[in-house]
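Enquirer: Predicted structure and sequence below. I'll ask about it afterward.
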Amino acid sequence: MGKALIIGAGGVAGVVVHKCCQNSEVFEEICIASRTVAKCDALKAKLDGGKTRITTAQVDASDVPELIALIKKVRPDIVINVALPYQDLTIMDACLATKVDYVDTANYEPEDTAKFEYKWQWAYRDRFKEAGITALLGSGFDPGVTGVFAAYAQKHYFDEIHSIDILDANAGDHGYPFATNFNPEINIREVTANGSYFENGKFIETEPLSIKRVYDFPQIGEKDIYLLHHEEMESLALNIKEIKKIRFWMTFGQSYLTHLKVLENVGMTSIEPIEFEGKQIVPLQFLKAVLPDPASLGPRTKGKTNIGCIFQGIKDGKPRTYYVYNVCDHQECYKEVGSQAISYTTGVPAMIGASMVMTGKWKRPGVFNIEEFDPDPFMDALNKFGLPWHENFTPALID
Ligand SMILES: NC(=O)c1ccc[n+]([C@@H]2O[C@H](COP(=O)([O-])OP(=O)(O)OC[C@H]3O[C@@H](n4cnc5c(N)ncnc54)[C@H](OP(=O)(O)O)[C@@H]3O)[C@@H](O)[C@H]2O)c1
């Protein structure tokens, strides 16, 4: 069918590349391009020889002219951005200049301010519409599948959804006292930021990790969950009719939280540059350099993830509750694609989102969040490509 340009060659990109190769009818050709071309070449070496033709390239994705030159050379049907959120706008600029569709998994945040919001990417709506190209924002798991779950619940089970609790549990153990499951800089910026939840038309801020509950997850068991700010709440608050409350919960183990507190207390999570031996360094970037590379956690991580959403609302005048979730096993993911489940649960939906646009099912000019499209073909593809989902109409609720 066509060709994708994949930008980034980290943990998530590795899964996207595997999954594109498993879906060679859609992805006849892929080009993997990143800052460190050796990582692209290593991915190519693993997967070359199948039906999907693979090429590689070096690119600095913060440089628009460089990106435009690469897109003109590769001539892809779509760009799959699995680099970092800092590069979202430059890649969108290059897609606009070359009239190529765009997909990502995380919304833009400026490198010097730990504040992620959709406003920067939503500002491209008219330009993408005029250019006749599609931008699909947030096609990972959360954001991503959580938005597809919301659209599915809205389409099939509710007349009105009144509340959504998004529950992200990782019961995986990598054996390190402290490591992050995806890019440490992005992960720590997210976790140390203020929490927030949406209620009655506005967002209410909370102190970082100050609201805690315990939830008994299917196939995982009881875990501490903490309220976080998360980007899909911003779009779901606009796109789900009659919504009154949205909360996002994530599990953290005690060792992770204790290490994080110490690192914060000594200033290692700061993004303010400091002078060190005559050079400016950002403490969090230095910390990233000494922490384990998330892409290396695959062989060590054992256990499962469980990510899903609990919806409450009404159908035919009666109250209804609906829980839909996926359980993913770290070791099974490693066996299949050589990655742990966090990269897997992000990379599979990134490939599926790109295939939705490439096959025309979700091709619409403009900039869209994932819940704005018909969820049914995406839900089918989740079952087909390794992220099957389960439903429960009488789940335990969170107070
Ligand atoms: N929605 C979700 O559920 C979800 C979950 C997890 C992660 N994510 C997102 O997925 C994305 C990838 O995460 P990851 O864990 O795969 O990160 P990662 O392992 O750190 O990989 C990032 C890749 O981007 C490349 N890169 C960084 N800056 C670049 C630049 N200026 N030009 C070209 N390439 C550049 C890096 O190149 P080098 O190798 O040279 O450093 C690396 O290959 C992030 O945006 C993250 O926020 C989304």
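Expert: Yep, it's here.

Enquirer: helices or strands up against the helix or strand of the chain with the lowest mean pLDDT?
Expert: Taking mean pLDDT, DSSP states H and E as the measure, the helix or strand of the chain with the lowest value is helix 184-192, at a mean of 86. With contacts taken as 3 or more Cβ pairs under 8 Å, 6 or more residues apart in numbering; DSSP states H and E, helix 184-192 sits against helix 254-265, helix 283-290. Yep, even glycine has a C-beta here, placed from its N, CA and C like the rest.

Enquirer: let's see it at 7 Å
Expert: helix 283-290 (3 or more Cβ pairs under 7 Å, 6 or more residues apart in numbering; DSSP states H and E).

Enquirer: How much space separates K202 from the ligand?
Expert: 24 Å (Cβ to the nearest ligand atom, to the nearest Å).

Enquirer: Quickly list what that residue is bridged to.
Expert: E199 (DSSP bridges).

Enquirer: Near it, how many other residues are there?
Expert: A total of 9 residues lie near K202 under the criterion other Cβ atoms under 10 Å.

Enquirer: pLDDT wise, what is it at?
Expert: With respect to pLDDT, K202 has a value of 97.

Enquirer: The chain should start at 22 in everything you say after this.
Expert: Sure, I'll start numbering at 22, so the last one becomes K223.

Enquirer: I would like the residues contacting the least confident helix or strand of the chain, please.
Expert: With contact meaning Cβ atoms under 7 Å, 6 or more residues apart in numbering, helix 205-213 is reached by 105-106, 135, 201, 229, 249, 281, 285, 290, 305-306, 308-309, 312.

Enquirer: Now Y346: closest residue in space, sequence neighbours ignored.
Expert: Leaving aside its sequence neighbours, Y346 sits nearest to G329 (Cβ to Cβ, 6 or more residues apart in numbering; 2.4 Å).

Enquirer: which strand residues sit across from L157 in the sheet?
Expert: Residues in beta-bridge contact with L157 (DSSP bridges): V124, F389.

Enquirer: Likewise for E412?
Expert: Under the criterion used (DSSP bridges), E412 bridges to V345.

Enquirer: So what's the residue count around the closest residue to Y107 other than its chain neighbours?
Expert: In space, and not counting its chain neighbours, Y107 is closest to E132: 4.7 Å by Cβ to Cβ, 6+ apart. E132 has 15 neighbours, counted by other Cβ under 10 Å.

Enquirer: Now do the SS call for E132.
Expert: Secondary structure assignment for E132 (DSSP: H, G, I helix; E, B strand; the rest coil): coil.

Enquirer: Test my guess that it contacts Q108.
Expert: No. E132 lies out of contact with Q108 (Cβ atoms under 7 Å); the separation is 9.7 Å.

Enquirer: ok, now which ones touch the residue nearest to Y346?
Expert: G329 sits in contact with 170, 188, 344-347, where contact means Cβ under 7 Å, 6+ apart.

Enquirer: Within the sheet, what are the partner strands of the helix or strand harbouring it, with directions?
Expert: Here G329 sits within strand 325-336, counting by DSSP states H and E. The strands that strand 325-336 pairs with in its sheet are strand 181-191 (antiparallel), strand 339-350 (antiparallel) (by DSSP bridges).

Enquirer: And for G153, the neighbour number?
Expert: With other Cβ under 10 Å as criterion, G153 counts 12.

Enquirer: what do you get for D109?
Expert: 25.

Enquirer: what does L259 give?
Expert: The burial count for L259: 12, using other Cβ under 10 Å.

Enquirer: for the record, mean pLDDT for the helix or strand containing it?
Expert: With secondary structure defined by DSSP H and E, L259 is part of helix 253-260. Average pLDDT, helix 253-260: 98.

Enquirer: Find the residue closest to the residue of the stretch 222-371 of the chain found nearest the ligand in space, skipping its chain neighbours.
Expert: Proximity of the stretch 222-371 of the chain to the ligand (Cβ to the nearest ligand atom) peaks at T367, 3.9 Å away. In space, and not counting its chain neighbours, T367 is closest to G161: 4.0 Å by Cβ to Cβ, 6+ apart.

Enquirer: C42 too?
Expert: Nearest non-adjacent residue to C42, counting by Cβ to Cβ, 6+ apart: T73, 4.5 Å away.

Enquirer: Report the contact partners of that neighbour.
Expert: 41-42, 45, 48-51.
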